[in-house]
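Asks: Let's see this in three dimensions:
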Amino acid sequence: MATSCPSVDYWRWAPEIDIISNDHYLTASRLDAHVMLAMDADFTRSLAAGRPWVLMEHSPSAVNWQPRNIAKRPGELARNSMSHLARGADAIMFFQFRASRFGAEKFHSAMLPHAGRSSRVWNEVVELGELAGHLSELRGSRVEASVAVVWSTESFWAQELEWRPSVDLSHRERLEAFYSELWKLGVTVDFVHPGADLLGYHAVFAPALYLLDEASAANLRAYVEGGGVLAVSYFSGIVDEFDAVPAGPFPGRLREVLGLSIEEFQPLREGERVAVTGGSSGSVWTDEIVLDGAEPVEHYIDGPAAGLPAFTRNALGDGSAWYVSTKLDGSALGSFIDDVLTDAGLTVVPPPTGLERVIRVADDGTRFLVAINHAEADVVIDAVGTDLATGEATDAATLVPAGATRVIRLDG
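Replies: This next block holds a predicted model:
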């Protein structure tokens, strides 16, 4: 159940499994549920080490076990399915086929609803099946990512223990925030554990790395020294694998790679915000940072750390390590992420608002673009190739209607 089941360390389990699958359901009340779906799909693909995987089940429409069981809107069934496919799934399956008339799941949606074959859901299922029949070329192809996000299950566990400096230090919330901004920028990511092989990634983001063992710390340092760009968020590197604070000031085993130390945490009051040079502002957290090689990028204008660095960058070997010591929201976090990507040599052109675009690459180098328009307005994309559903040629002004998807075999 991918990111929904943090009680299991999937990184340890996945190597023992022949076929990686996921069981995915939207948190339907969230307006960004499609972004969280993409995060689960990327995480599942990452557990499969990039190999194609199986979406074991998802729902045609509403479920029956959430506080608000919201039905999927027209076209959402296909958009959800195609997002999983775009991010590496080679099989898209549903629960359930025929709606149950009895028992706990009688109000759970089905491919064949109580309303029967005249229903919108049934017709959308049939249309999806017809589309899938044209997409066999994608089978076996893979998703390539040049950016990684660190997901540490042990950090999640450790941070849930008692007596932390602030109740607002949500591990998952920080991961979701970073992923959401990367999604808006159109950046496809892999998830990695702290000790994973990071060779080949231009940039690695560690939004919530509270617990860090010595081997993983050495791995991150080697990545930076070898030319990688690492970005770390606040309250990271604080304890070792035994939940003990390493000797010396915070952030423990990240001090040298970040080129700084922290004399004292300065968490903020509920609702308090601090201004940062450059026009942004932060909440939840600040640090009393002492520079030890790192350069300040932005400073706090007010608050308990007024005048001190808020963002830093440390050149180390052939790479660099960034640190952001407060919670940034929305566009401010997106701007920080964009600066890190630029430092890593990646030029990002954000897609139109609501457009999801992912490329799968076959063994022979053929590239397939999956474009999903989650917005309520049509968008135009530059995609020269062939629409697999229709066989028609596409060009530099290819239309993706509102709520629709296109799968295009790209030329060249």
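Asks: So what does E298 have for phi and psi?
Replies: E298 adopts backbone torsions of phi -140, psi 160, taken as degrees, to the nearest 10.
Asks: Pull the number of nearby residues for it.
Replies: Residues near E298, counting by other Cβ atoms under 10 Å, number 20. Backbone N, C-alpha and C define where each C-beta goes, glycine included.
Asks: residue closest to the middle of the chain?
Replies: The chain has Y179 as the residue nearest its centroid, 3.5 Å off, counting by Cα atoms, centre = their mean.
Asks: Do I have it right that that residue meets W151?
Replies: No - the pair Y179 and W151 does not pass the contact test of Cβ atoms under 8 Å, sitting 9.7 Å apart.
Asks: Now for A208: which residues touch it?
Replies: S152, S155, F156, Q159, H171, R172, R174, L175, S233, F235, S236 (Cβ atoms under 8 Å, 6 or more residues apart in numbering).
Asks: where do the helices sit along the stretch 301-412 of the chain?
Replies: Assigned by DSSP state H, counting those that start in this stretch, the helices in the stretch 301-412 of the chain fall at 330-343.
Asks: Let me see the ranges of the helices in the stretch 101-250 of the chain.
Replies: Using DSSP H, counting those that start in this stretch, helices in the stretch 101-250 of the chain cover 120-132, 153-159, 171-184, 214-225.
Asks: Show me what the shortest one is in contact with.
Replies: In other words, helix 153-159. 6, 8-11, 169, 171-172, 193, 208-212, 239, 241, 243.
Asks: now the longest one
Replies: Applying Cβ under 8 Å, 6+ apart, the contact partners of helix 171-184 are 3, 6, 32, 35-36, 38-39, 42, 147, 149, 151, 155-156, 159-160, 189, 205, 207-208, 210, 233, 327, 329-330, 333-334, 337, 350, 353, 356.
Asks: again, only this time at 6 Å
Replies: 35, 38-39, 156, 159, 189, 205, 207-208, 233, 333-334, 337 (Cβ atoms under 6 Å, 6 or more residues apart in numbering).
Asks: Measure how it sits relative to helix 330-343, angle-wise.
Replies: Helix 171-184 and helix 330-343 are oriented at 70 degrees to each other (axes from the mean of the first three to the mean of the last three Cα atoms, to 10 degrees).
Asks: got the buried residues for helix 171-184?
Replies: Residues H171, R174, L175, E176, A177, F178, Y179, S180, E181, L182, W183, K184 are the ones in helix 171-184 that count as buried (16 or more other Cβ atoms under 10 Å).
Asks: And it, how far out from the chain middle?
Replies: Centroid separation between helix 171-184 and its chain, computed with Cα atoms, centre = their mean, to the nearest Å, is 6 Å.
Asks: Also the first one?
Replies: The chain centroid and the centroid of helix 120-132 are separated by 28 Å, computed with Cα atoms, centre = their mean.
Asks: where in the protein is pLDDT low?
Replies: By pLDDT under 70, the chain contains no weakly predicted segment.
Asks: What are the structural domain limits within it?
Replies: For the chain, the structural domains run 2-132, 147-343, 355-410, going by automatic domain parsing.
Asks: which one of those domains lies closest to S141?
Replies: S141 lies closest to domain 355-410 among the domains of the chain, at 4.1 Å (Cβ to Cβ).
Asks: For the closest one, measure first residue to last.
Replies: Counting by Cα to Cα, to the nearest Å, you get 18 Å between the two ends of domain 355-410.
Asks: just stretch 185-202 next, same as before
Replies: End-to-end distance for stretch 185-202, by Cα to Cα: 16 Å.
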